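> structure for the following, please:
(2 chains)
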Amino acid sequence: MPREHLHEIWGRSAIWRRAVLLVLLLTPTFFAGGYMASVLPYKGAVWHETILVIVFTLLFAWISMGFWTALVGFITLRSKFNHFFIPGSEPETADRDKILSRTAILVPVCNEYPARVFAGIAAIYKSLAQTGKLDRFEFFVLSDTSDPDVMVEEEFAWARTCRMLGATDRIFYRRRKLNIKRKSGNVADFCKRWGKSYTYMIVLDADSIMSGATIVRMVKIMEQHPEVGILQTAPKAIGRETLIARMQQFANNVYGPIFTVGLSFWQLGDAHFWGHNAILRVEPFMKYCALPSLPGKPPLGGDIMSHDFVEAALMRRGGWAVWLAFDLEGSYEEMPPTLLDELKRDRRWCQGNMQHLRLLFTKGLCPVHRALFLNGAFSYISALLWFFFLTLCTASAIYQALHKPDYFPPERSLFPNWPVWHPEWSIGLLAFTAVILFLPKGLAIVNILLQKGRLRLYGGGFKLIVSVIMEVLFSTLLAPVRMLFHSKFVFITMLGQQVGWGGQQRDDRETAWSDALRFHLTGTLLACIWGAVIFVINRTFFCWLTPILTGLALSIPMCVISSKASWGRALRKKGFLLIPEELEPPQELQWLEACLAELEKQPPALAAPLTRGFARAVSEPIVNALHLKITRSRKVASVIAQRRQELTNKALELGPGSLSRNEKRELLADPACIARLHSMVWQLSDANRARTWGIE
Amino acid sequence: MHGFNYIIMSRNKPSGASLRTTPAQPISDQLEAAHRRVLTYLKALHIPVQKRYELAAQSLAEAEKTCAPGCDCVAAAMRSLEALLKAYSPNICLTELGDLQAMPPLNRGSMIPVVIDRSGPFSFFFLVFLNTAGWLLKPPIRLYVLLLLLAAAAGLYWRYCIGQ
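Below you'll find the model as predicted:
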């Protein structure tokens, strides 16, 4: 595979940095593994202890990776040592202020809440307009929406946004009929149709917000560095009010920076692409990043699900650098509002990341991207390993309690076989592991303390510390729940079960007790039985297991409580878990709120304004005309035409509620049918039937 | 793309029971219902109130002419309204939304899926081995490698030949 930019000035430095990381990672891991073996009664000499030591060593390496990344990130941030860092803080000269290239801002959506999507676009649009560079940018909403009601609402929200901003020639809307290859296919579809018209594209998620200044800065960086293929920003989590989402926002805001800087230190120009809030150079993307389907059936074959990592690896394979711009502010995203939503998202990610294992040995990829594939998969496999580790420990503890040691084995030996258990050494190991896990959080606090005026934005020193303690307790209790689910996801994926890739819930809806019970009952029962058995057999080990079992046993109430927006708001009111964006919301977020309120405030066109999507496209004259304007008419076979005629009659006779989603979708795809239905519905003289369409 | 051409009040009647008229109703009641319907439609188009009543009156007058006992006055009024609206403003439904353009002109390019050659792990490690060996044999690295090997050889010699 020919590469386009062969001589990278940071290449040699990258080798050294990664070599140092490897040494830092392996040396303590080696000693921790040895120490773990020494703690065990048979010093790792029996098979189950050997497996235990191996699993522990793998897990230790995994957590120490995070530790070293955070530590290096902290040192880099404090020492301002950012050699080779592309975005940097380069001075802007007058000639650099010009932007000559055109940039498309892509917003791929799939069954999202339309008002929120377009409010986000409106906020970005306004922010860009403020920079005076709006004429170089165009917005594309690329819809893969399959829900007919959402489709119609999207169209109308698009039209209203265009009208609100006076942007009829700058915000475009396209909906694909076939959702081939999901988001990556959607972006590829854009590239094939309009990609040649643009030098760069900025890919956003449905919940992304970026400031105009940041977008302009990103384009300038790309223009100054023609070897950069992808520039990824580090989006900050904002905008949610549920307890769990506020915890995540707080963690992302407080701990995030040092981890991002650390990652950038190791990766340099071999960085991640997270699929959104990033700018990509269109030409090399079209040349090198068209994804094929993997041989075999899903979940491990078929379309590549987590496409972003693969696209970064392929871009890099083509010789283009991928950078993580950790210092670019003004890039935001939203967190899943509830634990269940987070777990649903994780299930999709798990499947995608497991698929990456099949790409590990792809020819021509950079070693760092192979490591990233492994790292991504391991972020879920580690849960299964942890679960396996705990199971083995439990089995070992039961074995110790029930089995009498064999002091004089049949083999000839000078000394008796004397198992010695050192619980005090275990405490030392636990403390060491705790340092690895929690020191980064301490460093993150120190980082905030050392920044002048920053502490105030987190509610002051006391509230920051209390918030961190709350977050640590909360994440400790949730960790076993996540472990159990992630283990299940890995297991299910390995068994070949596939998951859907639908839209995500993005509003602050609370989890019902029934839902929590349905999802967490197994975990709760498992914890109760596990705890009871261990309590009876080995009480010392029960104490060790208590933090894990507590989290699992309380998973049902935790799931419900953590989804409560009222709790999140109450804590915010008291000044806990605060993030700077909550205290001093940037202009873009204020615009987002204002535009959302504007788009949600719909003038009641008909007597029943709550009539949803499909019914609106049929009965509301303006929505109907809009749908007809943007839907292309296609010739269809007479059988299909006949079926559509029958559907039209059914809809007219029995109302919109009588149609299934597929039937609604089929009618919406045919403008002639919708036009006919519109006219017939308005001619209905039966008031009851007219009422089903919101007319009377 | 479809413009206003599609928004025609269809004269095609749907088959079967879908067109249940109410012939038992007196014409005056039907006209009243038609008046309400026409006004609702005009209101949904956000037409100014005065013009709304004017158009409604006209369409009802037209409908009344054709409306015989047993005929559907609502349908007749809506059909006549369609003709009036066309004369009033051909793109009345889209006027409020402005000159919308869903997509810019196409500028097609191609994206050919890349080849992902997933050679097996053994061949991969063999290639890595060859590459590393090649790198180690290049100057100036080979000098350090040579020195390292010499040091290792000296160490082994000392350990097994002199040290014992």
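> which ones are touching residue A:598?
Going by Cβ atoms under 8 Å, 6 or more residues apart in numbering or on different chains, residue A:598 touches A:119, A:164. (Glycine included, C-beta is placed from N, CA and C.)
> shaky segments in chain B?
Along chain B, the model assigns pLDDT under 70 to residues B:1-25, B:69-70, B:120-123, B:126, B:163-164.
> quick check: phi and psi on residue A:668?
phi -60, psi -30 (degrees, to the nearest 10).
> just give the number of residues close to it.
22 (other Cβ atoms under 10 Å in any protein chain shown).
> run through chain A and note the low-pLDDT ranges.
In chain A, residues with pLDDT under 70: A:1-2, A:6-7, A:82-83, A:85-97, A:499-506, A:603-611.
> residue A:222 and residue A:283 touch, don't they?
No - if you go by Cβ atoms under 8 Å, residue A:222 and residue A:283 don't touch, sitting 11.7 Å apart.
> between those two, who's got more neighbours?
Counting neighbours by other Cβ under 10 Å for residue A:222 and for residue A:283 shows that residue A:222 has the greater number, 23 against 17.
> what sits closest to residue A:693 if chain neighbours are left out?
residue A:619 (4.3 Å; Cβ to Cβ, 6 or more residues apart in numbering or on different chains).
> which strands and helices lie in contact with the strand or helix carrying residue A:59?
Following DSSP states H and E, one finds residue A:59 within helix A:47-79. Secondary structure elements in contact with helix A:47-79, counted by 3 or more Cβ pairs under 8 Å, 6 or more residues apart in numbering or on different chains; DSSP states H and E, are helix A:11-39, helix A:256-267, helix A:367-402, helix A:423-449.
> go through the last one and flag the buried ones.
In other words, helix A:423-449. By 16 or more other Cβ atoms under 10 Å in any protein chain shown, the buried positions in helix A:423-449 come out as A:429, A:433, A:436, A:437, A:440, A:441, A:443, A:444, A:445, A:447, A:448.
> can you list the helices and strands that that helix packs against?
Counting by 3+ Cβ pairs under 8 Å, 6+ apart, helix A:423-449 packs on helix A:11-39, helix A:47-79, helix A:243-254, helix A:256-267, helix A:461-495.
> what's in contact with the third one?
The set of residues that contact helix A:243-254 without belonging to it, under Cβ under 8 Å, 6+ apart, is A:236-240, A:334-339, A:342, A:441, A:444-445, A:448, A:458, A:464, A:467-468, A:470-471, A:474-475, A:478, A:508, A:561-565, A:567-568, A:571-572, A:577-581.
> for stretch A:120-138, buried residues please.
Neighbour-count burial for stretch A:120-138, counted by 16+ other Cβ under 10 Å, picks out A:120-129, A:131, A:133-134, A:136-138.
> from the residues you listed, which is closest to chain B?
residue A:138 (7.2 Å; Cβ to the nearest Cβ).
> the host helix or strand of the closest one pairs with which strands?
Using DSSP H and E, residue A:138 maps to strand A:137-143. When sheet partners are counted by DSSP bridges, strand A:137-143 sits next to strand A:103-109 (parallel), strand A:171-175 (parallel).
> next, the buried residues of the last one.
Spelled out, that is strand A:171-175. For strand A:171-175, the neighbour count (16+ other Cβ under 10 Å) marks A:171, A:172, A:173, A:174, A:175 as buried.
> ranking the helices and strands packed on helix A:47-79 by burial, who's on top?
helix A:256-267 (a mean of 23; mean count of other Cβ atoms under 10 Å in any protein chain shown).
> which helix or strand lies directly C-terminal to it?
Downstream of helix A:256-267 (by DSSP H and E), the next one is strand A:278-281.
> ok, that next one near chain B or not?
No - judged by Cβ under 8 Å from any Cβ of the partner chain, strand A:278-281 and chain B are separated, with a smallest distance of 13.0 Å.
> what residues does that strand touch?
Under Cβ under 8 Å, 6+ apart, the answer for strand A:278-281 is A:103, A:199-203, A:215, A:218-219, A:222, A:228-233, A:273, A:315, A:320.
> how far does it sit from the chain's center?
With Cα atoms, centre = their mean, to the nearest Å as the basis, strand A:278-281 stands 18 Å off its chain's centre.
> and the residue of chain B at minimum distance from chain A, how far is that from residue A:153?
Relative to chain A, the nearest point of chain B is residue B:93 (3.2 Å; Cβ to the nearest Cβ). Distance of residue B:93 to residue A:153, given as Cβ to Cβ, to the nearest Å: 18 Å.
> go ahead and flag the most central residue of chain A.
In chain A, the residue lying closest to the centroid (Cα atoms, centre = their mean) is residue A:345, at 7.1 Å.
> residue A:694 is in contact with the residue nearest to residue A:693, correct?
Yes - between residue A:619 and residue A:694 there is a contact under Cβ under 8 Å: 5.5 Å.
> could you count how many residues lie near whichever residue of chain A sits closest to chain B?
Closest contact between chain A and chain B, by Cβ to the nearest Cβ, is at residue A:625 (3.2 Å). Residue A:625 is flanked by 27 other residues according to other Cβ under 10 Å.
> helix/strand/coil for it?
Here residue A:625 is recorded as helix under DSSP: H, G, I helix; E, B strand; the rest coil.
> find the nearest non-adjacent residue to it, please.
residue B:93 is the one closest to residue A:625 (Cβ to Cβ, 6+ apart), at 3.2 Å.
> wait, that neighbour touches residue A:621, no?
Yes - proximity of residue B:93 to residue A:621 meets the contact threshold set by Cβ under 8 Å, at 5.1 Å.
> re the thing from before, nearest to residue B:140, of the helices and strands packed on helix A:47-79?
helix A:11-39 (13.3 Å; Cβ to Cβ).
> does chain B have contacts with that closest one?
No - judged by Cβ under 8 Å from any Cβ, helix A:11-39 and chain B are separated, with a smallest distance of 10.6 Å.
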